[in-house]
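[1] need a structure here:
(2 chains)
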Amino acid sequence: MLSVDIKKDFETNGRMAFSLRAHFTADRGITVLFGPSGAGKTTLLRAIAGMVAPDEGKIQLDDCVFFDSARSTNLAMQKRRVGFVFQDYLLFPHLTAFENVGYGIRAESEKARRERARQILGLLSIGHASDRYPRQLSGGEQQRVALARALGSDPAILLLDEPLSALDVSTRLRLLEEIINLQRKSAIPFLYVTHSPADAVRAGDSVTVLSEGEVIRQGKPSDVFNAPSSLAVAHAVGTENILTGHVARHQAEEGLTWVDAEGCRLAITHCQLPLSSPVTIGIRSEDIIVSCQRITATSARNLLQGTVTHVLRDGPEVHLLIACGANLKVRVTPQAVEALGLRPQTTVYLLIKASSCHILA
Amino acid sequence: MIWPAFKISLVVVSLATVVVGLSGTAFGFLLAKRDFRGRELLDSVLTLPMVLPPTVTGYYLILLLGRRGWLGRPIYELTGWTIAFTWEAAVVAAAVMAFPIMVRSARAAIASVDPRYEMASFSLGKSGFETFFRVTLPLARRGLVAGTVLSFARALGEFGATLMLAGNIPGRTQTMPLAVYEAFISGEDRQAQILSVVLTFTSIVAIYATNAMTRQSRTV
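    Below is the predicted model of the structure:
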């Protein structure tokens, strides 16, 4: 388990410009560090890797203390066994893909090193590009090589800094699935930085939300994104509900596809995805209609029953958090809250048009 | 006169280039990567031979290495040998004059390597030593080679400091630039012409090679 509790201040021209106050833990699986740009995600990652030293605090992975200001411990980067995947890959331009991966492999013999490099390149289905230089690879291929290189050094934890942000949509989706698979196979914790809610919900076993240098929420992705228990978190995670699930059934003649997502069966506009393929669905919180009565004669294809858990006032709007199998957030006006008498424990019915449930790329 | 001068220049310049290439890279790394007190002062001192009149640099070298010099005296008392007016003195003079060019090129070349490549190497468990030789050096190689070629050209053209420290002894310390001067003074125009053409041609090749090297470095 990785535990981090650090402070670091940054000054520009003698004035305090940014202050990082990070306190969180990351266990097995994929921990997503989520937040808008400028929230301090990359700085936090760099501190864990040892590229910058915090002003004070402690960073520890299992029994290995990386940094402890109380004991003046600051373990050198080389000794931390922290794999780092950069946003812009940073493959060594003077080495081939194969040599890049071989570079970090600790092996007893040259033969063992080459064997291991071949194996890892194969694992990331990039063996065909072994002899090419980074500039001869596509963005997706470069990122695969970067992942292979980081895993080749046999790290105790892998840090990924927005690894997919420079890639096109279809490559992103494919590579995200591979990163998830890779984590399951390698059995080391991944710390995954992203500002994409869809990636966070799809990949994260746990999400840590960072805003203005502070950790404001840590929890299961569906809880964090769809049931943000404070306004700060609600603002950080945006207004969209994000659900992951699988394609359950197609009704092409009706123009519908059914998706099982986190305990709800949702009708979405018909799509071509094969049955049981994973999908991530987005529903904007203003696209959900709340009713206190069960309305059946409606054009909305989705009717869900749920219970209000939180009522958060946010200026001219109210965020309702509703548990209906999945957790959903719904934006309504204060007047609607008054008229319907909405408060925690109220039973409500949610109406959602199929066309409001869109597949997230 | 031409042939001995050519041979002396070849030996002197080759040795000076090797010494300058290695030491200049080391100092360039120090200046580019290490933050220490007096860094810019050190840079200024190392650059001094580039802006001082070569005869002044030569004079300082005599003060330092001459038979009664700060370093020259103990050497003379211990071994009975003094560097003044030997071919080794020509190597020292050429190296000292070419050194600033190499340091400046090396500093710029090493500073232009994105430090995150070195971070990547550290995160893969590599030591600073291994990172320098396997990442920093290869990525800076074009700038370093360009600097070495320029240093070679500077060493080849060295005149003033060489004259001060090594003298102008035909067959022993007379390098090509000194031979041009001697030939001209003694009215041997033909010899001066041949030597000048050789030196000009070598310099053009050096400049051309340097430009080609730095141009390509932008595309990598």
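[2] C-alpha only now, for contacts and for neighbours.
    Fine.
[3] Tell me which residue lies nearest the centroid of chain B.
    With distances taken as CA atoms, centre = their mean, B:Ala98 lies nearest the centre of chain B, 2.8 Å away.
[4] the bottom helix or strand of the chain by mean pLDDT?
    Let's take chain A. helix A:231-237 (a mean of 82; mean pLDDT, DSSP states H and E).
[5] buried stuff in that one?
    For helix A:231-237, a neighbour-count test (16 or more other CA atoms under 10 Å in any protein chain shown) marks A:Val233, A:Ala234, A:Ala236, A:Val237 as buried.
[6] need the contact list for whichever residue of the stretch 51-200 of chain A sits closest to chain B.
    The stretch 51-200 of chain A approaches chain B most closely through A:Gln78 (4.1 Å), counting by CA to the nearest CA. Neighbouring residues of A:Gln78 by CA atoms under 8 Å, 6 or more residues apart in numbering or on different chains: B:Phe122, B:Ser123, B:Leu124, B:Gly125, B:Lys126, B:Ser127.
[7] Please apply the same query to B:Val20.
    So B:Val20 contacts B:Ala95, B:Ala98, B:Phe99, B:Met102, B:Thr148, B:Ser151 (CA under 8 Å, 6+ apart).
[8] can you give me the strands for the stretch 51-200 of chain A?
    Counting by DSSP state E, counting those that start in this stretch, one finds strands in the stretch 51-200 of chain A at the ranges A:56-61, A:64-68, A:73-74, A:82-85, A:157-161, A:190-194.
[9] Quick check: residues of chain B near chain A?
    B:116-117, B:119-127, B:135, B:138-139, B:220 (CA under 8 Å from any CA of the partner chain).
[10] among these, who's most crowded?
    The member of the residues of chain B next to chain A that has the most neighbours, counting by other CA atoms under 10 Å in any protein chain shown, is B:Leu124 with 30 neighbours.
[11] Can you pull the poorly scored residue ranges out of chain B?
    For chain B, applying pLDDT under 70 flags the ranges B:216-220.
[12] buried ones in stretch A:289-309?
    The neighbour-count criterion (16+ other CA under 10 Å) identifies A:289-291, A:300-309 as the buried residues of stretch A:289-309.
[13] for stretch A:255-263, same thing?
    Applying 16+ other CA under 10 Å to stretch A:255-263 flags A:Leu256, A:Thr257, A:Trp258, A:Val259, A:Asp260, A:Ala261, A:Glu262 as buried.
[14] hey, where'd the strands end up in the stretch 201-350 of chain A?
    With DSSP E, counting those that start in this stretch as the criterion, the stretch 201-350 of chain A has strands spanning A:206-211, A:214-219, A:240-251, A:256-261, A:264-269, A:278-284, A:289-291, A:302-314, A:317-324, A:326-332, A:347-352.
[15] which of those sits most buried?
    strand A:206-211 (a mean of 26; mean count of other CA atoms under 10 Å in any protein chain shown).
[16] so what's the residue nearest to the centre of chain B up against?
    By CA under 8 Å, 6+ apart, the contact list for B:Ala98 reads B:Thr17, B:Val20, B:Met50, B:Ser151, B:Phe152, B:Arg154, B:Ala155.
[17] if we can go back for a sec, among the residues of chain B next to chain A, which lie within helices?
    B:Arg116, B:Tyr117, B:Met119, B:Ala120, B:Ser121, B:Phe122, B:Ser123, B:Pro138, B:Leu139 (DSSP state H).
[18] if we can go back for a sec, from the chain's centroid, how far away is the least confident helix or strand of chain A?
    Offset of helix A:231-237 from its chain centre (CA atoms, centre = their mean, to the nearest Å): 16 Å.
[19] before we move on, the earlier item: A:Ala248 is nearest to which of the strands of the stretch 51-200 of chain A?
    Ranking the strands of the stretch 51-200 of chain A by distance to A:Ala248, with CA to CA as the measure, places strand A:190-194 first at 28.6 Å.
[20] which outside residues touch that closest one?
    Contacts for strand A:190-194 (CA under 8 Å, 6+ apart): A:26, A:28-35, A:41-42, A:157-163, A:183, A:200.
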